[in-house]
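Enquirer: following is a predicted model, sequence given first.
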Number of protein chains: 2
Amino acid sequence: MLDIIIHDALVLTMTGKGAGAIEKGAVGIKGNKIVCVGESEGIIKEFRAERIINGKDKLVMPGLINCHIHSSMSLYRGVAQDTRAWLQKGIGPFMKHMTESEIIIGSLLSIIEGVKSGTTTFCDFDYPMSKIAENYKKAGVRARLATLINELPDNLDELTLGELYPFDPGKGEKRLSDNLKLLEEWHGKENGRITCVLGPQGPDMLSMELLEEIKNLSKKYGLMIHMHVAQGDREINQMEKRYKKRSIQFLDEMGFLNKNLIAVHLTEATEDEARYLAKKGVNMVYCLNSIGIIDGIVPPVFEFVKAGGTAGLGSDQAPGNNGNNMFNEMKFAAILNKVKFKDPTVFPAWKVLRMATIEAAKAIGLENEIGSLEPGKKADMIIINLDSPNLVPVMCKPIRNVVPNLVYSARGCEVDMVIVDGKVILEGGKLLTLNEGEIVKKAKESARLLAERAYNSVKNSGTDTLLMMEEGYL
Amino acid sequence: MLDIIIHDALVLTMTGKGAGAIEKGAVGIKGNKIVCVGESEGIIKEFRAERIINGKDKLVMPGLINCHIHSSMSLYRGVAQDTRAWLQKGIGPFMKHMTESEIIIGSLLSIIEGVKSGTTTFCDFDYPMSKIAENYKKAGVRARLATLINELPDNLDELTLGELYPFDPGKGEKRLSDNLKLLEEWHGKENGRITCVLGPQGPDMLSMELLEEIKNLSKKYGLMIHMHVAQGDREINQMEKRYKKRSIQFLDEMGFLNKNLIAVHLTEATEDEARYLAKKGVNMVYCLNSIGIIDGIVPPVFEFVKAGGTAGLGSDQAPGNNGNNMFNEMKFAAILNKVKFKDPTVFPAWKVLRMATIEAAKAIGLENEIGSLEPGKKADMIIINLDSPNLVPVMCKPIRNVVPNLVYSARGCEVDMVIVDGKVILEGGKLLTLNEGEIVKKAKESARLLAERAYNSVKNSGTDTLLMMEEGYL
């Protein structure tokens, strides 16, 4: 007796080289695992289940994987778009006023946004992660967590544009020790739903000594490293000033470039550097909307993937992107690369769908557990309502149109059910594990208090958004 | 006594040079007109209404304007993305099999998709428009309609790539006469909700004689002309072959370049041509997703607007774009231009929001009726649920974040109410004027029959999507 069977659905297994479609398919779940995937008829005959879900006019596919999110930052969503000096002037004046409770509630808000739009796995990169981990426990989603390790002052005002960042070794050691505590407390917990990796914030944000220590820990325990790499001209300037090297050469010489590295952004990587990373087996996370909005740049993901690299997609954070919706990321990944290369065939829909599922799973080292619907994998999947007018019609012959429709027309609100680790956590679009209304209310109140505290800092920042506001545009 | 008052809402009037926000605002409606817009307190004191809507945690703004849509094409959504030779190989094999009833039901599906995502005005460019107009009447939305006038064979197979199109003057006269009948039957009907313009399909698709006739009619009756201009290298090739001129020089010499022209796409216009059009007072419609997906191109809209031109946004059609959601268009308009110019300050959120409201209204010649919330204008507006997690929090001080959030984070499904011409046509996300379930069902059945009839044409087309399907990607 299985726990759940979903039958007569259009199933995208994401196995093989494309989407792995089964037109009238079924998926069976027992405990937290997928037991069977295949033609509906065969599965219905062979298996019985406690809960039978009719998948007619619905699509079942693996849950989406957000390979890079700073979940806490949603309380200051929308304050730093269309601006220059995003970090220092745009978000810095808010960030420095955040309290721990605001970080927690902000993170919950991002998780809700993500789950409602079909995300089942979140690679969160934030601080204090041991507390944020509680959110993922409660939400019932899968998480792969890293503590942001840096040696920078907490108040970004202490950084002078164009000058070398001052490092505080005490802070670095504290953060690394927090990351190690995170591993102890959370790695493999919640039935394996929560795992942890190491999180040096970027090659420019901590000393060589601390980077060396982290690299050795990674080797010793076989832990992956989640790190911003070549994330902006800011970083490259720091690296050239401090080491007379660009980030990627520096990391190469330090021995970081291997399959254990999850390299996020590569905004300023050259095409050659991107190809080199691919050849070294480094994994890339492409945060297209965030980098498109903040920097106006399309990173060299096309070259990276063409050279055989494994890349997943990430939403980054709300004050840049400014949301955490993987459908949005897929759509932009495809179209931004088409216009970059003036070629409509670049990054077809099936490819970006893979970058949010099976390729993403590979990029974060969880391909044996998630990313596709296969017997033995964890039961993380989403059910999508295909009767939403923007997805109608579904055609299977002569051309199967559902993959382009998911990528170019779905918005995330068509997600009807979310199953993680075999448990239904969202049904009929409603979250079952968290009280959305209460969290939204708390988030609004927290944001109000944050905005009050940040008022003077923002007023003094001279950020472009403030000018737009004062000139009557916003 | 008013009919409706919405009070205590965040109101974006779209008056002035930006979004014209009123933080605690109200809007009053009587009949099909807006009577008052302003601070909630004053309006509540002064007016009474049959229906009082509490706008707390909601936003009221003008309904979105889709300046260019071929509404009938949704039945073959998603079949021609990521491909080359989009028209001939991608959609041609489906298009030529469409029956009139399929055109009607396809159009209804697009209208539903549009209204549910906040569109209140549709500039439809299709055939047979007199029949399609019935859809707009039933749906209760505003429409500005043009009959597609061309002299091409109905079956695009008769066109040979690279050779001059054969013209059929009989067909051209028939189509023009249909456009004139459309004007007679529909212009100004439904309380003025439906208006009509002239619709030559493109400078390459009909003879100079017919273009001349249309231009003279436009002058005689003061009618606007909705036309594809410089829509692809296909068009430029035809024009150079036939007239030894590029499209814009040709239209200039014919006397088309003035404020009565709604020039759609400008995909292949040079920057200089775009600036020239702006100076001549021509209006531009920018269909970014459609052109991004079909051609991998960002048209010179930035230069056009910078030169003082008026531009609105359009969704074009479903087998290219592949949806009809103006929130999607706004988001891409901003980000595609940021990456084109590698500058995050290009096309800020407030600007693209205007391009879907007041600037759009100007571009289609309806700025005296719609596009902003002002006393005396038609009561076309939408109410958005600001408690949707992806829009939380709303901050008003020190920075008002709602405009970036609408553009970069809203998806369209946050639209809670749609009012057109003073009538509520969508409430709680549910359409009141059309039976969505029944139409979706009919659309699915129609698409199934269309796909059967088109089967051999598609199989013989050798289109890229077919190859992707056969190779197991889709």
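Expert: Great, that's in hand. Quick caveat, the model's predicted, so the values are computed rather than measured. Numbering: from 1, shown residues only, chains lettered A, B, ... in the order given.
Enquirer: what's the spacing between residue A:464 and chain B?
Expert: Residue A:464 is 6 Å from chain B, where distance means CB to the nearest CB, to the nearest Å. C-beta here means a position set from N, CA and C on the backbone, and glycine is covered the same way.
Enquirer: what helix or strand is the residue lying closest to residue A:63 once chain neighbours are set aside on?
Expert: Spatial nearest neighbour of residue A:63, excluding adjacent residues (CB to CB, 6 or more residues apart in numbering or on different chains): residue A:120 at 2.6 Å. Per DSSP states H and E, residue A:120 falls inside strand A:119-126.
Enquirer: show me where the stretch 201-350 of chain A has its helices.
Expert: For the stretch 201-350 of chain A, helices defined by DSSP state H, counting those that start in this stretch occupy the ranges A:208-221, A:233-243, A:247-254, A:271-279, A:288-295, A:301-306, A:318-321, A:326-341, A:349-355.
Enquirer: rewinding a little: contacts for the helix or strand following the strand holding residue A:120, please.
Expert: Counting by DSSP H and E, the next helix or strand C-terminal to strand A:119-126 is helix A:129-139. By CB atoms under 8 Å, 6 or more residues apart in numbering or on different chains, the surrounding residues in contact with helix A:129-139 are A:71-72, A:100, A:103-104, A:107-108, A:111-112, A:115, A:122, A:124, A:126, A:142-143, A:145-148, A:178-179, A:181-182, A:185-186, A:189-190, A:193-194, A:196, A:199, A:425, A:433-434.
Enquirer: just those: which are in strands?
Expert: Among the contacts of helix A:129-139, the residues falling in strands (DSSP state E) are A:122, A:124, A:126, A:142, A:143, A:145, A:146, A:147, A:194, A:196, A:425.
Enquirer: gap between the second one and residue A:434?
Expert: Meaning residue A:124. Distance of residue A:124 to residue A:434, given as CB to CB, to the nearest Å: 16 Å.
Enquirer: quick one, which of these two is more surrounded?
Expert: Between residue A:124 and residue A:434, counting by other CB atoms under 10 Å in any protein chain shown, residue A:124 is the more crowded of the two (26 against 18).
Enquirer: so what's that one bridging to?
Expert: As for beta bridges, residue A:124 partners with residue A:69, residue A:145 under DSSP bridges.
Enquirer: re earlier: tell me how many other residues crowd the residue nearest to residue A:63.
Expert: For residue A:120, the tally of surrounding residues (other CB under 10 Å) stands at 30.
Enquirer: burial count for residue A:62?
Expert: Using other CB under 10 Å, residue A:62 has 31 neighbouring residues.
Enquirer: number of residues surrounding the closest residue in space to it that isn't next to it in sequence?
Expert: Spatial nearest neighbour of residue A:62, excluding adjacent residues (CB to CB, 6+ apart): residue A:357 at 4.6 Å. Using other CB under 10 Å, residue A:357 has 30 other residues around it.
Enquirer: for residue A:116, same thing?
Expert: Neighbours of residue A:116 under the rule other CB under 10 Å: 22.
Enquirer: state the distance from the nearest residue to residue A:92 once chain neighbours are set aside to residue A:461.
Expert: The shortest distance from residue A:92 to any residue other than its chain neighbours is 4.2 Å, reached at residue A:156 (CB to CB, 6+ apart). Separation of residue A:156 from residue A:461 (CB to CB) stands at 11 Å.
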